[in-house]
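**Q** Predicted model and sequence follow; I will ask about them next.
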Amino acid sequence: MQSIIKGVSVAIITMSIYLLVVVVTTPALDPLPAVSAAFQANAIVIVGMGVGIGLQVILSEKSKTMGCRLPAKRRIFGGNTGASASTSFFSFFSLIPLGCCGWWLYLLSLLPGVLGVGVTAVLIEYSQVLAYAGLVMVFGFVALAAYRLRREQSIRQAA
């Protein structure tokens, strides 16, 4: 039960941080309209990231209570963090036309000098698709952790 509480708490914190970034980087809009626009454009991403990271925490806590360590645990959590960060990064691009995240518009203006015009155009054009791809990666890492935990349980029961 403790792992579920911790997972739900982390999920809520993840979604809150996302929305805090939206509010902080949107000085042109009041907080409530900025959050509303973010949910209208990216509800799947916001909730999906919270759920994915919350599930990862639950699995991690469950493995600790079993007294086992998931193999390659650092790679799983590192990958999940990277996937979450890229999902957030790309999802913010879709909020710019709505008037949200004006700070990200400034960041976009710097990208052609760093990455080149072609790469930047692809990132902007396909930002929503890339955000969903990052979300798929988050759940992929969760599925991998669940599989490894299940396999560890089977090995322990057989022994």
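**A** Now that the structure is in, tell me what you want to look at.
**Q** got the contact list for the residue lying farthest from the centre of the chain?
**A** Going by CA atoms, centre = their mean, the residue of the chain most distant from its centre is Ala159, 37.1 Å out. By CB atoms under 8 Å, 6 or more residues apart in numbering, Ala159 lies in contact with nothing. The C-beta positions use only the backbone N, C-alpha and C, and glycine is treated the same way.
**Q** any idea what Trp27 is structurally, helix, strand or coil?
**A** Let me fix one detail, which is that residue 27 is Pro and not Trp. Classification of Pro27 using DSSP: H, G, I helix; E, B strand; the rest coil returns coil.
**Q** Quick check: pLDDT value at it.
**A** Looking at Pro27, its pLDDT is 82.
**Q** gap between it and Ala38?
**A** From Pro27 across to Ala38, the span is 15 Å (CB to CB, to the nearest Å).
**Q** Mind checking which of these two has more residues around it?
**A** Neighbour tally, Pro27 and Ala38, criterion other CB atoms under 10 Å: the higher count belongs to Ala38, 25 against 10.
**Q** separation between that one and Thr14?
**A** From Ala38 to Thr14 the distance is 14 Å (CB to CB).
**Q** now Leu29
**A** Remark: distance between Leu29 and Thr14 (CB to CB) = 22 Å.
**Q** In terms of neighbours, single out the busier of the two.
**A** Thr14 (21 against 18).
**Q** Please list all residues in contact with that one.
**A** Taking CB under 8 Å, 6+ apart, one finds 49-50, 53-54, 84 in contact with Thr14.
**Q** how about the residue sitting nearest the centre point of the chain, secondary structure?
**A** Geometric centre of the chain, nearest residue: Ser84, 2.8 Å, by CA atoms, centre = their mean. Taking three-state DSSP as the rule, one finds Ser84 in the helix state.
**Q** and the gap between it and Val138?
**A** According to CB to CB, Ser84 stands 6 Å off from Val138.
**Q** before we move on, back to that, is it correct that the residue nearest to the centre of the chain is in contact with Gly52?
**A** Yes: with contact defined as CB atoms under 8 Å, Ser84 reaches Gly52; the gap is 7.3 Å.
**Q** got any residues that touch both of the two?
**A** By the contact definition CB under 8 Å, 6+ apart, Ser84 and Gly52 are jointly contacted by Val138.
**Q** distance of Leu108 from Ile13?
**A** Counting by CB to CB, the gap from Leu108 to Ile13 is 27 Å.
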